[in-house]
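A.B. asks: sequence first, then the predicted structure, then my questions.
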Amino acid sequence: MASTFGRVRKAVIPAAGLGTRFLPATKAVPKEMIPIVDIPMIQLIVEEAVRAGIEDIVLITARHKEAIENHFDYNYEVEDTLEKKGKADLAEVSKAVGKMCNLISIRQKNPMGLGHAVLCAEPVIGNEPFAVLLGDDLIDSTVPCTKQLVEIFEEQKASVVGVMEVPADEVSKYGIVGGKMLTPRLMDIKQLVEKPAPQAAPSRFAIPGRYVLSPTIFQCLKETKPGKGGEIQLTDGLQLLAERERLLAYQFSGTRYDTGDRLGFIDATIAYALKRADLAPGVKEILKKHLG
C-alpha cells in the first residue's frame, strides 16, 4: 500500500464545468480547450503537472467533453498527413501531446461541486497523496507551482494548498485561509472561509486552485454536507482535514492568471504571447496600434 505522505505521482484536474461565462464559444467546445495563443488551457495545466513529476492525470469530465480526451490521444490521420507532406516538425508537435502523460478520465455525472469532483477520483487515487490543479487558473513560474507544493508536502509530511496575497477588497472572491505563520511564506492553517466579507476574512491569503493533499481528504469530503446549491465544497472538506491532520498554506512564487474571467483570459493571452520570441515583436506592434 502506498504511503499517505509518500511521493506524489498523481494529479486530479476537475474539468466538468459548463463554461457558461464563455458562451457562445463554449456551446460546443469545452472551455478547457480554448487556447492561450495556440495551446489549449488544459494542456498548459497538464504541462505544469508533468513538470512537477506527476505521472498519472485523473481528468474529471462531463458529457460533451470528449474533445479533451481526444486532444491527449494520438491523431494518426493528421500526423501521417503531415509526415507525408514533409512537415515532420508539426507532426511531432501533435505526437508530443499524446506522449505527455497517462490520462485517466472519470465522468462527474451530476454537477455537485468541486469537492464532489475531487471525490470522484478516489477509485483511481486510492491511498496515495495527489495534486489538484484547477483549469481556470494558470500560474506562470520558473519552478512550476505544483512542484513547489509537492516539495513542501514531501518535506513537511503534510497537505498543503497554494496561496497568494490579495487586496482586502478582493477576499470575497476566494477561499481564504487563516492560521499561524511558520515562516514568511508558510502557514499552519486553522481556518478556511469561502468568500468571506472583508471584515470577516481571517487573512488576505487566497487559494487560487493548487493543492497537494493526503488521501484523508476523501473521508472528509464524504462527511461534508452539501452547501449552497446542493454542492459539496472542497473548502469545507479542507476545514475538516485541518481539524484532523496538519494542513499548510504556502505562498508560491509565480504570476497567476484567472482564465475563467474574460479579462483574465485576455491578460493571460497577451502575457504568454509576449513571452514567445516568434510573436512578441508583432504583438507589441498590435498593442501600439490599438492603444495609439
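C.D. replies: Okay, I see it. Residues are numbered from 1 along each chain as shown.
A.B. asks: shaky segments in this protein?
C.D. replies: For the chain, applying pLDDT under 70 flags the ranges 1-3, 228.
A.B. asks: how near is R21 to G209?
C.D. replies: 16 Å (CB to CB, to the nearest Å). Every residue, glycine included, has its C-beta placed from N, CA and C.
A.B. asks: more neighbours, these two?
C.D. replies: G209 (25 against 14; other CB atoms under 10 Å).
A.B. asks: ok, and the closest non-adjacent residue to A62?
C.D. replies: Using CB to CB, 6 or more residues apart in numbering and skipping residues adjacent in sequence, the residue nearest A62 is A16, 3.9 Å away.
A.B. asks: quick one: the helices in this protein?
C.D. replies: 41-51, 66-71, 76-84, 88-99, 114-119, 122-125, 145-156, 216-222, 234-244, 262-274, 280-291 (DSSP state H).
A.B. asks: go ahead and name everything in contact with the last one.
C.D. replies: Contacting residues not belonging to helix 280-291 are listed as 270, 273-274 [CB atoms under 8 Å, 6 or more residues apart in numbering].
A.B. asks: please name the nearest non-neighbouring residue to D137.
C.D. replies: G209 is the one closest to D137 (CB to CB, 6+ apart), at 3.7 Å.
A.B. asks: residues in contact with stretch 93-112: which ones?
C.D. replies: With CB under 8 Å, 6+ apart as the criterion, stretch 93-112 contacts 14, 16-18, 43, 46-47, 49-50, 54-63, 68-69, 71-75, 78-79, 82, 116-117, 120-121, 123-124, 226, 230-232.
A.B. asks: what separates that stretch from the chain centre, distance-wise?
C.D. replies: Centroid separation for stretch 93-112 versus its chain: 13 Å, with CA atoms, centre = their mean, to the nearest Å.
A.B. asks: okay, buried residues for it please.
C.D. replies: 95, 97, 101, 103-106, 108, 112 (16 or more other CB atoms under 10 Å).
A.B. asks: what of stretch 19-38?
C.D. replies: For stretch 19-38, by 16+ other CB under 10 Å, it's 19, 22, 26, 29-34, 36.
A.B. asks: just the closest of those residues to F218, please.
C.D. replies: E32 (23.9 Å; CB to CB).
A.B. asks: enumerate every residue touching the closest one.
C.D. replies: By CB under 8 Å, 6+ apart, the neighbours of E32 are 15, 19, 40-42, 45, 65, 68, 135.
A.B. asks: do that again at 7 Å, thanks
C.D. replies: 15, 40-42, 68, 135 (CB atoms under 7 Å, 6 or more residues apart in numbering).
A.B. asks: which non-adjacent residue is nearest it?
C.D. replies: Using CB to CB, 6+ apart, the nearest residue to E32 is I42, at 3.8 Å.
A.B. asks: that neighbour touches L133, doesn't it?
C.D. replies: No - counting by CB atoms under 7 Å, I42 stays clear of L133, with 9.9 Å between them.
A.B. asks: what's the spacing between E155 and A277?
C.D. replies: Counting by CB to CB, the gap from E155 to A277 is 36 Å.
A.B. asks: these two: who's more crowded?
C.D. replies: E155 (9 against 6).
A.B. asks: re earlier: let's have the contacts of E32 in CSV, adding neighbour count and distance to G292.
C.D. replies: Shown next, in CSV, are the contacts of E32 (neighbours: other CB atoms under 10 Å; distance: CB to CB, whole Å):
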residue, neighbour count, distance to G292
A15, 25, 39
P40, 22, 32
M41, 24, 30
I42, 25, 35
I68, 22, 39
G135, 24, 35
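A.B. asks: redo those residues as JSON lines? Include distance to V163.
C.D. replies: What follows is these, written out as JSON lines (distance: CB to CB, whole Å):
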{"residue": "A15", "distance to V163": "23"}
{"residue": "P40", "distance to V163": "26"}
{"residue": "M41", "distance to V163": "22"}
{"residue": "I42", "distance to V163": "23"}
{"residue": "I68", "distance to V163": "28"}
{"residue": "G135", "distance to V163": "19"}
